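**Student:** Return a 3D structure for these sequence lines:
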Amino acid sequence: MLGIRVIPCLDVNNGRVVKGTNFVNLRDAGDPVEVAKRYNLEGADEVVFLDITATYEGRDTTVDLVRRTAQQVFIPLTVGGGVRTLEDIRVLLNAGADKVSLNSSAVKDPEIIKRASERFGRQCIVVAIDAKKVTPSSLLQANGVGATIQSSNKWNVFVHGGRIDTGLDAVEWAKKAQDLGAGEILLTSMDKDGTKDGYDNALLKTVTDIVQIPVIASGGAGKLEHFASAVESGASAVLAASLFHYRELAIKQVKDYLKSKNIPVR
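**Tutor:** Numbering: from 1, shown residues only. Below is the predicted model:
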């Protein structure tokens, strides 16, 4: 097993790091440049920077903020939010991003994954998937309205900051994204986001069983045990936000815990 990466995530809105629960009720968590700089010093393996309202507001990611962040961190920086074209990707890479995350734009035009990976290399291209558990409509029809349903797991892909249900099956989309050239999947459980109840390990395992590229687990970390269970479910990296932002856990604590469980870390 390759060393597991521990990654803090900076959700950025109006130039500030924010964090909420289930994609809503956002709280301020500081200046993104200063927060990223702290994580660089604390031993994070990477930093993920997501401009969470860029797509919804129809604007580009704040490139100046990316540039200033990249000047302060010397670990890989992944940037996403409002990335719609190959030119957007080029601008962010030139501003100092090491990888660029595609989400809504890839759902709208899946071939952008292929074009981007061919032009910039698949190691630069991350496909972010915001997944939410749903009840399959076929089972609803079979059981009748209001029936108690014991269904198999199914998750749909949501876009525009979790506002729109695309109807796409998240597991199938992860496989298609890989086949089109994605180098990595950033898999966020909307159900678990900010709850601190643990990652959605069923979602993680279902996706990691079907793809061969690395999958970053996102959404739900609340205690040390959650990080180990995500790795056991197939994650190549574990991502958290509020736990690190509000200093409830330190990155070193997570790494030391994983090592104590004989899980190799970077």
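**Student:** When you work out contacts or count neighbours from here on, use the C-alpha atoms and nothing else.
**Tutor:** Fine.
**Student:** got the residue ranges for the helices in the stretch 1-150 of the chain?
**Tutor:** Under the criterion DSSP state H, counting those that start in this stretch, the stretch 1-150 of the chain contains helices at 32-42, 63-70, 86-94, 104-108, 111-120, 137-143.
**Student:** burial count for residue 8?
**Tutor:** Taking other CA atoms under 10 Å as the neighbour definition, residue 8 ends up with a count of 26.
**Student:** Identify the residues contacting it.
**Tutor:** Contacts were defined as CA atoms under 8 Å, 6 or more residues apart in numbering; by that measure residue 8 touches 39, 44, 46, 47, 48, 239, 240, 241, 244.
**Student:** For it, give me the pLDDT.
**Tutor:** For residue 8, the pLDDT comes out at 96.
**Student:** coming back round to it: using TSV, please lay out the helices of the stretch 1-150 of the chain together with mean pLDDT, mean neighbour count and distance to residue 265.
**Tutor:** What follows is the helices of the stretch 1-150 of the chain, written out as TSV (pLDDT from 0 to 100; neighbours: other CA atoms under 10 Å; distance: least, CA to CA, whole Å):
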stretch	mean pLDDT	mean neighbour count	distance to residue 265
helix 32-42	93	19	15
helix 63-70	90	18	24
helix 86-94	96	17	27
helix 104-108	96	20	31
helix 111-120	98	18	27
helix 137-143	46	12	41
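**Student:** And the ones you listed: which comes nearest residue 232?
**Tutor:** Evaluated over those, closeness to residue 232 peaks at helix 32-42, with 24.7 Å, by CA to CA.
**Student:** how about the nearest residue to residue 207, chain neighbours excluded?
**Tutor:** The shortest distance from residue 207 to any residue that is not its chain neighbour, by CA to CA, 6 or more residues apart in numbering, is 5.4 Å, and that residue is residue 171.
**Student:** Let me see the contact set for the one you found.
**Tutor:** The neighbourhood of residue 171, defined by CA under 8 Å, 6+ apart, consists of 155, 206, 207, 210.
**Student:** Tell me if it really is in a strand.
**Tutor:** No: under DSSP: H, G, I helix; E, B strand; the rest coil, residue 171 sits outside any strand and is assigned helix.
**Student:** secondary structure element for residue 239?
**Tutor:** Remark: residue 239 resides in strand 237-240, with elements defined by DSSP states H and E.
**Student:** just to revisit the earlier point, would you convert the contacts of residue 171 into JSON lines that also reports secondary structure?
**Tutor:** As requested, the contacts of residue 171 are arranged in JSON lines below (three-state DSSP):
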{"residue": "155", "secondary structure": "strand"}
{"residue": "206", "secondary structure": "helix"}
{"residue": "207", "secondary structure": "helix"}
{"residue": "210", "secondary structure": "coil"}
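**Student:** Would you list the buried entries among these?
**Tutor:** Neighbour counting with 16 or more other CA atoms under 10 Å marks 155, 206, 207 as buried within the contacts of residue 171.
**Student:** closest to residue 184 among the residues you listed?
**Tutor:** After measuring these against residue 184 - CA to CA - the closest member comes out as residue 207, at 11.9 Å.
**Student:** Make sure that closest one is actually in contact with residue 177.
**Tutor:** No: counting by CA atoms under 8 Å, residue 177 is not a contact partner of residue 207; they are 11.6 Å apart.
**Student:** which residues sit against the helix or strand containing residue 253?
**Tutor:** Take DSSP H and E as the rule and residue 253 turns out to sit in helix 251-260. If you take CA under 8 Å, 6+ apart as the criterion, helix 251-260 is touched by 6, 42, 43, 44, 224, 227, 228, 244, 264, 265.
**Student:** just the CA coordinates of it, formatted as PDB?
**Tutor:** The C-alpha atoms that make up helix 251-260 are tabulated as PDB, following Å, rounded to 0.1, in the frame of the first residue of the first chain:
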ATOM      1  CA  ILE A 251      -2.700  16.500  11.200                       C
ATOM      2  CA  LYS A 252       0.100  14.900  13.100                       C
ATOM      3  CA  GLN A 253      -2.400  13.200  15.400                       C
ATOM      4  CA  VAL A 254      -4.100  11.700  12.400                       C
ATOM      5  CA  LYS A 255      -0.900  10.400  10.900                       C
ATOM      6  CA  ASP A 256       0.400   9.000  14.300                       C
ATOM      7  CA  TYR A 257      -2.900   7.200  14.800                       C
ATOM      8  CA  LEU A 258      -2.900   5.700  11.300                       C
ATOM      9  CA  LYS A 259       0.700   4.500  11.900                       C
ATOM     10  CA  SER A 260      -0.300   3.000  15.200                       C
END
